[in-house]
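Novice: Sequence plus predicted model, see below.
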Amino acid sequence: MPADSVQRRLAAIFAADVVGYSRMMGIDEEGTLASLTAHRTGLIEPAITERHGRVVKTTGDGLLAEFSSVVDAVNCAIEVQEGMQNRNVDTPEDRRIAIRIGVNLGDVIVQDDDIFGDGVNVAARLEELCGPNEVYVSASVYDQIEGKVEGQFDDLGMHTVKNIAKPIRIYRAMRAGAAEDRKTPAEIPDRPHQEIRFCSAADGVQIAYATVGGGPPLVKTANWLNHLEYDWASPVYSPWWHELSRDHLLVRYDARGNGLSDWDVAEISFDAFVSDLETVVDAAGLDRFPLFGVSQGCAISIAYAVRHPERVSRLILYGGFARGRLQRGSSVQRDQAEAIRTLIRQGWGSDNPAFRQIFTSHLVPDGDPEQIRWWNEMQRFSTSAENALRIRDVLDHIEVTALLPEVSQPTLVIHRRDDAMHPLEEGRRIAAAIPDARFVPLEGRNHIILSDEMEWPRFLEEIRQFLAAGE
């Protein structure tokens, strides 16, 4: 490489790509290309030029730009996301182009008008972590723009990202007032310190996992509508993680296609979910541990426990099922499965929460307005409509009944008597088929028990006593 053709400089790097691009191309290749081109030429590239940046290159659905001013780079990213929302207002949900943007400030190598190096790599990793319509910036960016950019910046904490040696602190950037009505993880004053890392599944998918607390380990199997960061601001899940991490090193992870794990994945299947659990516990360096499954996480936990009896010391199964809706031989369950799929297709990512609230009513029918509002929003943050449909299809076809008699670990099965999502009979079937399993029915309709319910103290006490008996 000739020395005179290479130079280094400090630059603000803007990396963007389209969420769900492969799916959209599969549905309508020409229409997607035309739409993306229109957004690039009509909004994104003019915004970059106006803010004194330059487009370094475009690659399919991706774009890389360089700015000499980090303030200009962040303002441009926020303006692009606002512009995309305006341009998508009259576009059908399944045709909308949603982009994600990462901005980093770092040293880059410049050769023949292209740029390379960790400064670029970090921006690309930030973009990969983003959800649809989001902007993530690194701490190096935030330190330079604080007080200089009109907007809200949520501290998402330290993250270990693939192929970057040191953890980086990440901030989510939004226009001023965009999230006035939503708590963020940074706004929880007593939130415990959590460490987030990434590990590679067998097929290369990056799975995000987190550890919090101290003491003997407790592994919580992923279920959908999880997000390692946003859950701490949740009036639904935050009390769970606070309580379960008091006496244990709580290990949680986001399922593939969900939360902070990779969203653009080739395979979403039950076997992949079980394999991802194997990957996480190995990456966390755990030899033997109790396993806690919630909802569909129960079936995944059962499969793992049967495959690895020497690793699982105890099994807690809450609100679970061994048979997905389409395996229960009930026309009512089949109708419910199709209704949920229709709701996802019609309104998952919409700004109007009406469609999502119907789904929420099965999860927390007795929740208060704040709890219900959070679930409505969580559905958008946790995964895309495309992935939600793929995950639902896997869940509806789950069948692990034959594995239940093979479970050898002490098992606690907890289920709500009037569970609005999965009937009590499904929990009873699990408990009856697992040798010596203990069954605890709790009063209530909420699929996910809430901390203000009368049965909440009993729920915690049953779990604590069960875990203590194995320590």
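Specialist: Happy to help now that I have it.

Novice: Tell me which stretches of the stretch 251-400 of the chain form strands.
Specialist: For the stretch 251-400 of the chain, applying DSSP state E, counting those that start in this stretch gives strands covering 289-294, 312-318.

Novice: Can I get these in CSV including mean pLDDT?
Specialist: Output for these, formatted as CSV (pLDDT from 0 to 100):
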stretch, mean pLDDT
strand 289-294, 98
strand 312-318, 98
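
Novice: The ones you listed into TSV, with extra columns for distance to Asp262?
Specialist: Glycine gets a C-beta too; all of them are placed from N, C-alpha and C. Below are the strands of the stretch 251-400 of the chain laid out as TSV (distance: least, CB to CB, whole Å):
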stretch	distance to Asp262
strand 289-294	22
strand 312-318	26
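
Novice: can I get those in TSV with mean neighbour count and distance to Tyr142?
Specialist: Compiled in TSV, the strands of the stretch 251-400 of the chain are given as follows (neighbours: other CB atoms under 10 Å; distance: least, CB to CB, whole Å):
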stretch	mean neighbour count	distance to Tyr142
strand 289-294	24	34
strand 312-318	24	38
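
Novice: Where does the prediction get shaky in the stretch 51-200 of the chain?
Specialist: Applying pLDDT under 70 to the stretch 51-200 of the chain flags the ranges 93-94, 157, 159-163, 176-191.

Novice: Could you chop this protein up by domain?
Specialist: Taking automatic domain parsing as the reference, the chain has its domains at 3-180, 186-468.

Novice: Show me the one of the strands of the stretch 251-400 of the chain that comes nearest Leu343.
Specialist: Closest approach to Leu343 among the strands of the stretch 251-400 of the chain is made by strand 289-294 (21.3 Å; CB to CB).

Novice: In a strand, Leu412, correct?
Specialist: Yes - counting by DSSP: H, G, I helix; E, B strand; the rest coil, Leu412 is part of a strand.

Novice: Contacts only, for the nearest residue to it once chain neighbours are set aside.
Specialist: Nearest residue to Leu412, sequence neighbours excluded (CB to CB, 6 or more residues apart in numbering): Phe466, at 4.6 Å. Counting by CB atoms under 8 Å, 6 or more residues apart in numbering, Phe466 makes contact with 314, 316, 410, 412, 438.

Novice: ok, 10 Å please
Specialist: For Phe466, the contacting residues are 290, 314-316, 410-412, 414, 438, 440, by CB atoms under 10 Å, 6 or more residues apart in numbering.

Novice: got the buried residues for the helix or strand containing it?
Specialist: Here Phe466 sits within helix 456-468, counting by DSSP states H and E. Neighbour-count burial for helix 456-468 flags 456, 459-460, 462-463, 466-467 (criterion: 16 or more other CB atoms under 10 Å).

Novice: Repeat that for stretch 270-286.
Specialist: 270, 272-277, 279-281, 283-284.

Novice: do stretch 86-106 as well
Specialist: The neighbour-count check on stretch 86-106 (16+ other CB under 10 Å) flags 87-88, 96-106 as buried.

Novice: Could you do stretch 316-332 as well?
Specialist: Within stretch 316-332, the residues scored as buried using 16+ other CB under 10 Å are 316-328.

Novice: mind checking how far the residue nearest to Leu412 is from Ala437?
Specialist: The gap separating Phe466 from Ala437 is 11 Å, by CB to CB, to the nearest Å.

Novice: go on, Gln327?
Specialist: 20 Å.

Novice: Could you list which of the buried residues of stretch 86-106 belong to strands?
Specialist: The strands in this structure, assigned by DSSP state E, contain 99-106 from the buried residues of stretch 86-106.

Novice: what's the farthest-apart pair in the buried residues of stretch 316-332?
Specialist: Greatest spacing in the buried residues of stretch 316-332, by CB to CB: Ile316 and Leu326 (26.1 Å).

Novice: With respect to Arg392, which of the buried residues of helix 456-468 is nearest?
Specialist: In terms of CB to CB, no member of the buried residues of helix 456-468 lies closer to Arg392 than Phe459, at 26.4 Å.

Novice: check contacts around the nearest residue to that closest one once chain neighbours are set aside.
Specialist: Closest residue in space to Phe459, ignoring its immediate chain neighbours: Ile449 at 5.4 Å, by CB to CB, 6+ apart. Ile449 sits next to 236, 239-240, 294, 318-319, 364, 414, 416, 419, 442, 455-456, 458-460 when contact means CB under 10 Å, 6+ apart.

Novice: out of those, which one sits closest to Asp262?
Specialist: Of the contacts of Ile449, the one sitting nearest to Asp262 (CB to CB) turns out to be Val294, at 21.8 Å.

Novice: who's that closest one bridged to?
Specialist: Note on Val294: beta-bridge partners by DSSP bridges are Tyr318.

Novice: isn't it right next to Trp240, touching?
Specialist: Yes - the criterion here is CB atoms under 10 Å, and Val294 meets it with Trp240 at 8.8 Å.

Novice: Give me the common contacts of those two.
Specialist: By CB under 10 Å, 6+ apart, Val294 and Trp240 have these common neighbours: 220, 318, 448-449.

Novice: Tell me which of those fall in strands.
Specialist: Mapping the shared contacts of Val294 and Trp240 onto strands (DSSP E) picks out 220, 318.

Novice: Is it possible to get JSON lines of the shared contacts of Val294 and Trp240 that adds distance to Gln194?
Specialist: Below are the shared contacts of Val294 and Trp240 laid out as JSON lines (distance: CB to CB, whole Å):
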{"residue": "Lys220", "distance to Gln194": "13"}
{"residue": "Tyr318", "distance to Gln194": "22"}
{"residue": "Ile448", "distance to Gln194": "20"}
{"residue": "Ile449", "distance to Gln194": "22"}
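
Novice: ok, Asp436 to Gln465 distance?
Specialist: To Gln465, Asp436 is 16 Å away according to CB to CB.

Novice: What helices and strands are in contact with the host helix or strand of Ile170?
Specialist: Assigning secondary structure by DSSP H and E places Ile170 in strand 168-174. Packing contacts for strand 168-174, counted by 3 or more CB pairs under 10 Å, 6 or more residues apart in numbering; DSSP states H and E, involve helix 70-87, strand 99-111, helix 118-129, strand 135-138, helix 139-145, strand 152-159.

Novice: So which of the ones you listed is nearest Gly62?
Specialist: By CB to CB (comparing all of these), the closest turns out to be helix 118-129, at 8.4 Å.

Novice: The closest one versus strand 168-174: what angle between them?
Specialist: Taking axes from the mean of the first three to the mean of the last three CA atoms, to 10 degrees, one finds that helix 118-129 is oriented at 60 degrees with respect to strand 168-174.

Novice: residues in contact with the closest residue to Ile115 other than its chain neighbours?
Specialist: Counting by CB to CB, 6+ apart, Ile115 lies nearest to Val108, which is 4.5 Å off, once chain neighbours are set aside. Contacts for Val108 were tallied using CB under 10 Å, 6+ apart; they are 7-13, 56, 66, 114-121, 123.

Novice: Give me the buried subset of those residues.
Specialist: 11-13, 56, 66, 115, 118-121, 123.

Novice: Pick out the most distant pair among those residues.
Specialist: Val56 and Asp118 (15.7 Å).

Novice: thought Asp17 was touching Gly102?
Specialist: Yes - between Asp17 and Gly102 there is a contact at 9.3 Å, judged by CB under 10 Å.
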